[in-house]
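How does the following fold in three dimensions:
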Amino acid sequence: MSSPRIFTDQPLIVGQTVTLDEQPSIHLLRVLRLGLGAPVRLFNGDGCEYSGTISTAGKKQAAVCLLEASVADAIPPLRLHLGQVISKGDKMDFTIQKATELGVSQITPLFSERCDVRLKGERLDKKMEHWQKIAVSACEQSGRNRIPQVLPAVNLNDWYAQSDAELRLVLHPHNQQPLGQQQNPASVALLVGPEGGLTDIEVAAGTTHGFQGLLLGPRILRTETAALAAVSVLQFLWGDF
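A predicted model of the protein is given here:
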């Protein structure tokens, strides 16, 4: 059985002992029932993984003595920025979790005309914190050491204007060019719309900002399926699949 991987937002240096926050400590000590000397792997998003052993096991606090650092994750060949119009229920959680596992670099939750989710103020802040935690948890599970940024939610038109990716794609059957004809881009911005689709005005606005259409076969995909299918295709063509 492999040792558990835990994220901690603090500097990690081989030879030093780090104290974990209450939540990961309880997970190690109570849920996994680990004790003194048990092996643990930590990461903080710097690209490395740090192996160590539990050196303190209190009721709600664990400390880990760091023994070794692994080689850092390679810089991914493709910087992939997913712009996902916010979906209902746990669909957005699912998309962020799986997109993280598939290696996206950034995720921006978006509001569009047909977005059925209305979030603002404190509710939006809590959702953003929740989505970043999902990305962290997906990194713990998948062995990924670099955590994707879940950027602040913005309106679709603002995201269009901010994008500086070499290749800009929107999942919509318009103005399409075969992906095989593209020169290997270093960065891609991928827009996935809501369950109800993008409006003609939104599609036209994307065109003015350099976004071209992408169609994934003859079938209509749900928004969460479409995002993961498109990310997988792009990673296969230009990423690390």
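
list the helices and strands the helix or strand of the chain with the lowest mean pLDDT packs on?
Least confident element among the helices and strands of the chain, by mean pLDDT, DSSP states H and E: strand 212-214 (a mean of 89). If you count contacts as 3 or more CB pairs under 8 Å, 6 or more residues apart in numbering; DSSP states H and E, strand 212-214 packs onto strand 167-171. Every C-beta, even on glycine, is put in place using the N, C-alpha and C of the backbone.

partners of the following helix or strand past the strand it packs on, with directions?
Next helix or strand after strand 167-171 toward the C-terminus (DSSP states H and E): strand 187-192. Within its sheet, and counting by DSSP bridges, strand 187-192 is paired with strand 79-85 (parallel), strand 167-171 (parallel).

how far does the helix or strand following strand 187-192 sit from the chain's center?
Next along the chain after strand 187-192, taking DSSP H and E as the criterion, comes helix 200-208. Taking CA atoms, centre = their mean, to the nearest Å, one finds helix 200-208 lying 26 Å from the centre of the chain it belongs to.

Not counting its neighbours along the chain, what's nearest residue 6?
Spatial nearest neighbour of residue 6, excluding adjacent residues (CB to CB, 6 or more residues apart in numbering): residue 24 at 4.9 Å.

One more: residue 94?
Here the residue nearest residue 94, using CB to CB, 6+ apart, is residue 224, at 5.4 Å.

Could you do residue 222 as well?
residue 195 is the one closest to residue 222 (CB to CB, 6+ apart), at 7.3 Å.

Next up, the contacts around the residue positioned nearest the centre of the chain.
The residue lying closest to the centre of the chain (CA atoms, centre = their mean) is residue 100, at 3.5 Å. Taking CB atoms under 8 Å, 6 or more residues apart in numbering, we find residue 100 in contact with 107, 134, 135, 138, 139, 142, 144, 147, 148.

If we use 10 Å, what do you get?
82, 107, 134-139, 141-142, 144, 147-148, 150 (CB atoms under 10 Å, 6 or more residues apart in numbering).

Please narrow these to those residing in strands.
82, 107, 150 (DSSP state E).

Now that we have the residues you listed, can you turn them into CSV and tack on neighbour count and distance to residue 213?
Output for those, formatted as CSV (neighbours: other CB atoms under 10 Å; distance: CB to CB, whole Å):
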residue, neighbour count, distance to residue 213
82, 27, 17
107, 25, 21
150, 23, 26
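
Looking at those, spot the one nearest residue 123.
Closest approach to residue 123 among the ones in strands among the contacts of residue 100 (CB to CB): residue 150, at 15.8 Å.

ok, that closest one touching residue 133?
Yes. With contact defined as CB atoms under 10 Å, residue 150 counts as touching residue 133 (9.2 Å).

so what sits against both of the two?
Contacts common to residue 150 and residue 133, judged by CB under 10 Å, 6+ apart, are residue 96.

ok so, going back, for the residue nearest to residue 222, the count of nearby residues, please.
14 (other CB atoms under 10 Å).

which residues does it contact?
Per CB under 10 Å, 6+ apart, neighbours of residue 195: 85, 87, 88, 91, 114, 115, 116, 222, 223, 224.
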